[in-house]
Every structure is written in C-alpha cells, then in structure tokens.
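Undergrad: make a model of this:
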Amino acid sequence: MGRRIPATIITGFLGAGKTTLVRHLLQNAGGRRIAVIVNEFGSLGIDGALLAGCGIEGCDEDSIVELSNGCLCCTVADEFLPAMEALLDRPNPPEHIVIETSGLALPKPLLKAFAWPAIRARVTVDGVIAVVDGPAVAAGRFADDPEAVARQMAEDPSVDHDNPLAEVYEDQINAADLVLLNKTDLMGEADLARVTEAIGAALPRAVKLVPAREGRVDLAVLLGLDARAEDDLASRPSHHDAVDGEHEHDDWESFVVDVGEQAAPEPLVARLRAAAQAHDVLRMKGFASIAGKPLRLVVQGVGARFRHEYDRAWRSEEPRGGSIVVIGRRGLDRTAIERAIME
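TA: Predicted coordinates for the structure are as follows:
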C-alpha cells in the first residue's frame, strides 16, 4: 500500500512520434498493467483512437483515457486530476501510468500537479521523456534563424526566442529526464551529429540522449528511471516560470476536414502534402476509407513529410468515411486548405 505508482510523461512537439512510442510501450509491456492518458490539441481524438484500436493483447479501451477538451498544461485541475483519481480508484489500478501530452503542451505545469496531496501520496513521476523530431530540428523548424540560435545557445543556454515553436520545444526538452531523438533513419550522419550537439548544448543538466527509429527503444531504458521529477522542479527551467506556467494557445489553431471514401491512398496523400507545403501546415493526421479495402487507412503528416498505413478493420457500426485534423499557426486559410484536400 505504501508504494507509489510510477508515471511516465511523454512530451514532444507535434508529430515527433509520441503516439508511436506509446504503442511501442504497450506492445512490449510484458503483461504489466499500463494505463494511458492521451491529451490532444483539437477536438478529433486521432491519437486516442489509434491506441484504443491498437489490437495489442492486454490493452483494451478501458486502459486508454482521452482528454481532448484542452491542453493539459492549462486544464490540470479540470481534466487531469479527475482522470488520475478515477484510474487510481479502480478495483485493479494500473501498475504504471503513461501520459502522452499534446504537442503544444508545456510539461512543467503538469509536473507541478503531482505535488497535489490527492496525487502525491499515490503516484510519482518516474521520468519525463521528450520525443524530438530529428529531421524537423535539423531543418530549423523550431527557430527563425537556426544558425544564430545555435550560436546563442552555446553562449547562453537560457536564451529566449520570439518564436513560440522554439519556446515550446525548449520547455519540453528542459523538463526531460530522457531525450529520445526520433526518426534518425531520415537523417544523414552530418545532420545527426549537428542536432545531437545542439540538443546537448541546450539541455540545462546532464540528460541521456537516445537515438531511435519509430520510437523503438528497450523498455528497460524508458521505464524505471526513478526520477521523482515532482521533487526536482528547480532543475527544469521554463520560459513561463515567471507566470507560473501559464501560456496561451492563441498562436495555434486546428480544424477537421471530412473526406469521403477514396479510390486509393496515394492521390489523397499527394493532395495533403501539397496543401501542407502551400499553406505552411505544421501537422496533419487522420483516417480515411479506401474503396475495396476492409482496413482503415491512417495518415500522418509533419510539414511536407507524410506516411500512411492500414491499422485495423473497419467495425460494422462505423461509418466508412474519413477525417483529417489540420494544425498550424493561427491565420490558416481554411477554405483554401479544404479545397486543396478535397479536389
């Protein structure tokens, strides 16, 4: 009764591969009871649906708790704490809790929530894992001037930026106990060395950086960190410490585009890629129905990089259609993007 349940917080920017990592954890749980809390930016729960329908033995829909009414860092009291208490009060509570934050979430306000008396006595933060999209960092996605920022980071690790992407990204790696440099298979050796050096220079303390493809890392590396991060907040600086972790999401917006049944995946993905490039969309993800195929198509896009795969059979009660979530900086031309996707 005295043992606190370990919780792992998985953070990382939009499209870094957090859900893929969570699926990897569930697939290799080895019978361990793992519950997952998923928080998404936007009203359509793509990540929760991907996990709930994963078909992994021992992973049923009761193991997945989806919070899609706001960013966890802003709705801790309203969303996160009740969800945690409900999990802990189950007759057979989980042995480990994994929390996948929104790609726009700041980890530190969530860490502070673990100091609440109702949670602190029963749960400890085993570790914060920051998943980093290696190719996106290499392309300077999180900085207006990547070379200038690299020079500034070398001189002052706490340097602030006007770019909100950079602030969110830095807050996420600053909170980490482990940084997972993901998608290394899409990087050349020079970019990999440069990004590894830049992340190391930006980290406020000694943190292990692990390269990965598809989030495939041994669970012995990911779990059992025993960081007790809720007791170590001072070493995890945030751009928003001065305002107690509060931040606005006014810079971002999302909307859903409904797509009908498609003749084939490739033309749909080509239209999505073209729309993302033309309108500087950060992230697209969703499902689609392909004519003559009994399986559901999953589409994932980060910038102009897209991938698609079939994940499971359509259920008899499900309408065979499709929906794509579009996420980007405020001011997206919704009408033009919808037209480009539907043409």
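Undergrad: just give me the longest strand of the protein.
TA: If you go by DSSP state E, the chain has its longest strand at strand 123-133.
Undergrad: helices of the stretch 101-250 of the chain, start to end?
TA: 107-113, 117-120, 134-138, 146-155, 164-174, 189-202, 219-222 (DSSP state H, counting those that start in this stretch).
Undergrad: which stretch in those has the least confidence?
TA: The stretch with the lowest average pLDDT out of the helices of the stretch 101-250 of the chain is helix 146-155, scoring a mean of 51.
Undergrad: least confident secondary structure element in the chain?
TA: helix 146-155 (a mean of 51; mean pLDDT, DSSP states H and E).
Undergrad: domains of the chain: list them as residue ranges, please.
TA: 5-243, 252-342 (automatic domain parsing).
Undergrad: so can I have TSV of the ones you listed showing mean neighbour count?
TA: C-beta: built from backbone N, CA, C; applies to glycine. As requested, those are exported to TSV (neighbours: other CB atoms under 10 Å):
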stretch	mean neighbour count
domain 5-243	19
domain 252-342	16
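Undergrad: looking at those, which one has the lowest mean pLDDT?
TA: domain 5-243 (a mean of 80).
Undergrad: residues contacting residue 187?
TA: Residue 187 makes contacts with 134, 135, 138, 195, as judged by CB atoms under 8 Å, 6 or more residues apart in numbering.
Undergrad: how much space separates it from residue 329?
TA: Separation of residue 187 from residue 329 (CB to CB, to the nearest Å): 25 Å.
Undergrad: which residue packs closest to residue 182, ignoring adjacent ones?
TA: Once flanking residues are discounted, residue 182 sits nearest to residue 17: 4.4 Å by CB to CB, 6 or more residues apart in numbering.
Undergrad: same check, this time on residue 271
TA: Residue 271 sits nearest to residue 341 (CB to CB, 6+ apart), 5.4 Å away.
Undergrad: ok, now which ones touch that neighbour?
TA: The contact partners of residue 341, by CB under 8 Å, 6+ apart, come to 257, 259, 271, 272, 275, 324.
Undergrad: strands along this protein, start to end?
TA: 5-11, 34-39, 64-67, 96-100, 123-133, 178-182, 208-211, 252-259, 283-289, 295-302, 305-313, 322-329.
Undergrad: taking strand 96-100 as reference, get the angle to the second one.
TA: Meaning strand 34-39. Per axes from the mean of the first three to the mean of the last three CA atoms, to 10 degrees, the angle that strand 34-39 makes with strand 96-100 is 20 degrees.
Undergrad: angle of strand 34-39 against strand 5-11?
TA: Using the same axes, to 10 degrees: strand 34-39 against strand 5-11 is 40 degrees.
Undergrad: so which elements touch strand 34-39?
TA: Packing contacts for strand 34-39, counted by 3 or more CB pairs under 8 Å, 6 or more residues apart in numbering; DSSP states H and E, involve helix 18-27, helix 46-52, strand 64-67, helix 81-88, strand 96-100.
Undergrad: let's see it at 7 Å
TA: Packing partners of strand 34-39 (3 or more CB pairs under 7 Å, 6 or more residues apart in numbering; DSSP states H and E): helix 18-27, helix 46-52, strand 64-67, strand 96-100.
Undergrad: got the angle for the longest one vs strand 305-313?
TA: An angle of 40 degrees separates the directions of helix 18-27 and strand 305-313 when computed by the same axes, to 10 degrees.
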